[in-house]
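Visitor: model the structure of this input:
(chains A and B)
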2 protein chains.
Amino acid sequence: MKKINVGLLGLGTVGSGVVKIIKDHQDKLMHLIGCPVEVTKILVKDIEKARQVVVDKNYLTKDVYEVIRDPEVDVVIEVMGGIEETKDFLLEALQNKKHVVTANKDLMAVYGSELLSVATENGCDLFYEASVAGGIPILRGLVDGLASDRINKLMGIVNGTTNFILTKMSKYGSPYDEVLKEAQDLGYAEADPTADVEGLDAARKMAILSRLGFSMNVDLEDVSVKGISSVTAEDINYSKRLGYTMKLIGVAQRQGEKVEVSVQPTLLPDYHPLASVNDEYNAVYVYGEAVGETMFYGPGAGSLPTATAVVSDLVGVMKNMRLGVNGNSAVAPQFDKNLKLPEEIYSQRFLRIHVADQVGAFSKITSLFSERGVSFEKILQLPLKKDDLAEIVIVTHQASQKDFEEILQLLNDLAVVDNVKSTYRVEGNSWT
Amino acid sequence: MKKINVGLLGLGTVGSGVVKIIKDHQDKLMHLIGCPVEVTKILVKDIEKARQVVVDKNYLTKDVYEVIRDPEVDVVIEVMGGIEETKDFLLEALQNKKHVVTANKDLMAVYGSELLSVATENGCDLFYEASVAGGIPILRGLVDGLASDRINKLMGIVNGTTNFILTKMSKYGSPYDEVLKEAQDLGYAEADPTADVEGLDAARKMAILSRLGFSMNVDLEDVSVKGISSVTAEDINYSKRLGYTMKLIGVAQRQGEKVEVSVQPTLLPDYHPLASVNDEYNAVYVYGEAVGETMFYGPGAGSLPTATAVVSDLVGVMKNMRLGVNGNSAVAPQFDKNLKLPEEIYSQRFLRIHVADQVGAFSKITSLFSERGVSFEKILQLPLKKDDLAEIVIVTHQASQKDFEEILQLLNDLAVVDNVKSTYRVEGNSWT
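Guide: Residues are numbered from 1 along each chain as shown, chains lettered A, B, ... in the order given. This is a model prediction of the structure:
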């Protein structure tokens, strides 16, 4: 029986994990696939470097083309990272009829559509489960589900760093800067935390998830993004008093043929399952037409979970190889991209406003909302200890983004309004 | 290309859903499998009855053998329910080299081992995803995970009726009997609710889950079971004050080669993800050595989720058929059954005790614990308004079941103890 040969790009912690799992589980894999599998070519930067796993030095190479052009290699696993150059390598691998498994979300978010279409043209599989929330089998869940269901909404906590920061802010009432520093000291946030805290990492994952969930070419620039760097301890405190938990939530929603995708700090009712996903954990909430509400929860990253996801994808590729059905999986988009307009994007909204503490101020504010048919679910008004101001916190019922932005502008123009301190999306209230 | 023929046992709501999904998703299925699939024989009780789906009357039969002995039928899907007779039908189907997909948890809990071994002998697949928590792809998650991981613990809310009742009791402080009646009126509980409220339904699912998760022949009688009918509003109230949520939890745990499986009302810290799984929803928490903690959440039952799970299993069977790897899936147990003894089963414990309100009573009680090395995490003592009694609520640190049962007996023998009102397992404290 023919052996399946795997070429590996990168031998860091994830790559080493992949080599180890394939070795340790050879019998099980043989059982699942019906033929042996071996890693026979590995791209590294330094051949002499000490490794976490035992590998035959003859398999190591510093030349990427020795992997992606090797006629004996059936599947290329990419765990080297990078975007532009890596894209070119994978395109060539696919053109050389090699199936590809990648853990690279940056790459898939930006060039996923192109890579997938080249894979399909060449009759190759391109699997990328590990690129989104390594420890959660969410992509397979979506694909399996899609075979006999239609997904209407995805909500995800898909970035561990920001979830860690918001969890600590909520728990201890600490300010953002202090918790960010703690996260950096603990290694949960990088020295330059921008990609995480400004929501870009989460946006990449949401682009990948919504592309797959809606079978539509959603690109990274279609995702509206707001990070957590402006979230204050006061906002979190008020959220709590109203029964909400603040999370950085990616929302991908479909109505009919139109979709919206965003990442932004969002208030969830405390009783919502996503509200208790804490620390560095990730979770994705899926609303399917047939199955209803399901949630996948797990560690978002980590080398072992990621390596496990890569090997699961490899098993999928190899099963398809033996079936002869590679390259026609459900991942090629079925629908044309069709994004909602601002007047079609609806949500509830939280606002915190500082107003002059004088007769009639409140009614001036509320009339701005009622003129646009936007009503309130919750209101909290408190005197501020300074400047003769009062603090008003409002949670609206559903309003369109367009109406809401107009209201915001008019609020800022009102003489009685000192400042709109903050505003957040509110989600999950329909969930009971 | 050869067509795959499916025989269906039962055409109720789930069976009709299966027929509808296979028809509606014919193109997608063809895409996934590489050949057409059709339901060609259907066992019904009444051929003339009006149906929820359009079916060719020539396909209907009242004779089960016309399905399971039909040489043209490749896969038998069982959604008729029942145990003894149904087992015989499925055994014969397997002996006739037909693959089987079943949604029948009662059957799989009792005869799962026998059916699986007959399936393996005959080179047939026997898939049963829909038998456990229809809307949660948990079995596939376990099997996929098992290929490259080792599962150490499963905790599940796997019965919708009891979760509905406990959620309402927690939310409104209502007594058990009142909420049970409400659940019956709403159709969430059956007229005879015994199998649900006494934990038997949950125990069946835990037997199936732990058999698969630990690859060991765990039988229904190996599962220790306690239901929720003795849970009082007072217990729930005290739990809340101590920061816990009461749930009916199935725990399957492995240390080394030994396992324990139980179903019992259990206190979980409010911050535990399972604590916010409310109403009729189900969820299974999985601890894998490599992947860490993951959770699968969704509707536990319902005809559409169940039919979706059945079709997903059918897709798995058909993929294996085309691969030629049926009958050797990871479901055949790998390890001999090895159950923990009472002195090897450890957990934290909650106790509520009525004691004489007199000097020295408390120290008499605590010394019973300390003599066995059992220490306390939380203590609450309150005077009772009647009978000169005080109420003591204790949460212990980890203690063995054996020690704990001895302590219970000695407590009841103490003169100062009026009554041990209740005791529950406490889980999930290690989760942070």
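
Visitor: quick one: least confident helix or strand in chain A?
Guide: Within chain A, judged by mean pLDDT, DSSP states H and E, the helix or strand with the poorest mean is helix A:138-146; its value is a mean of 67.

Visitor: do the longest helix anywhere in chain A and chain B meet?
Guide: Counting residues, the longest helix in chain A under DSSP state H turns out to be helix A:303-323. Yes - Helix A:303-323 reaches chain B (C-beta under 8 Å from any C-beta of the partner chain) through A:304, A:305, A:307, A:308, A:311, A:312, A:315, A:319, A:322, A:323. Every residue, glycine included, has its C-beta placed from N, CA and C.

Visitor: in TSV, list these along with pLDDT.
Guide: Shown next, in TSV, are those (pLDDT from 0 to 100):
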residue	pLDDT
A:304	81
A:305	82
A:307	89
A:308	85
A:311	89
A:312	85
A:315	87
A:319	81
A:322	78
A:323	71
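
Visitor: quick one: which of those residues is most hemmed in?
Guide: Sorting the residues of helix A:303-323 next to chain B by how many neighbours each has (other C-beta atoms under 10 Å in any protein chain shown) puts residue A:308 first, at 30 neighbours.

Visitor: so that one makes contact with residue B:294?
Guide: No - here residue A:308 does not reach residue B:294: they are 10.5 Å apart, not a contact under C-beta atoms under 8 Å.

Visitor: outline the domain layout of chain A.
Guide: A:4-133+A:303-323, A:138-299, A:342-426 (automatic domain parsing).

Visitor: tell me which of these lies nearest to residue B:357.
Guide: Residue B:357 lies closest, by C-beta to C-beta, to one member of the domains of chain A: domain A:138-299, at 37.4 Å.

Visitor: avg pLDDT for the stretch of helix or strand residue A:267 belongs to?
Guide: Using DSSP states H and E, residue A:267 sits within strand A:258-269. Across strand A:258-269, pLDDT averages out at 97.

Visitor: pull out the buried residues from that strand.
Guide: With burial defined by 16 or more other C-beta atoms under 10 Å in any protein chain shown, the residues of strand A:258-269 counted as buried are A:258, A:259, A:260, A:261, A:262, A:263, A:264, A:265, A:266, A:267, A:268, A:269.

Visitor: of these, closest to residue A:23?
Guide: Closest to residue A:23, out of all of the buried residues of strand A:258-269 and judged by C-beta to C-beta, is residue A:263, at 38.4 Å.

Visitor: now for that closest one: which residues touch it?
Guide: A:199, A:202, A:203, A:206, A:223, A:224, A:225, A:226, A:248, A:249, A:250, A:251 (C-beta atoms under 8 Å, 6 or more residues apart in numbering or on different chains).

Visitor: top of the residues you listed by neighbour count?
Guide: residue A:206 (32 neighbours).

Visitor: now the helix or strand containing it against strand A:258-269, angle please.
Guide: Using DSSP H and E, residue A:206 maps to helix A:200-214. Helix A:200-214 and strand A:258-269 meet at an angle of 120 degrees, taking axes from the mean of the first three to the mean of the last three C-alpha atoms, to 10 degrees as the criterion.

Visitor: just the CA trace of helix A:200-214, in PDB.
Guide: Below are the C-alpha coordinates for helix A:200-214, written out as PDB (Å, rounded to 0.1, in the frame of the first residue of the first chain):
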ATOM      1  CA  LEU A 200      -7.000  42.900  13.900                       C
ATOM      2  CA  ASP A 201      -6.200  39.400  14.900                       C
ATOM      3  CA  ALA A 202      -9.900  38.800  15.700                       C
ATOM      4  CA  ALA A 203     -11.000  40.400  12.400                       C
ATOM      5  CA  ARG A 204      -8.700  37.900  10.500                       C
ATOM      6  CA  LYS A 205     -10.400  35.000  12.200                       C
ATOM      7  CA  MET A 206     -13.900  36.400  11.600                       C
ATOM      8  CA  ALA A 207     -13.100  36.800   7.900                       C
ATOM      9  CA  ILE A 208     -12.100  33.200   7.800                       C
ATOM     10  CA  LEU A 209     -15.100  32.000   9.800                       C
ATOM     11  CA  SER A 210     -17.700  34.000   7.900                       C
ATOM     12  CA  ARG A 211     -16.200  33.000   4.500                       C
ATOM     13  CA  LEU A 212     -16.700  29.400   5.500                       C
ATOM     14  CA  GLY A 213     -20.000  29.800   7.400                       C
ATOM     15  CA  PHE A 214     -21.700  31.800   4.700                       C
END
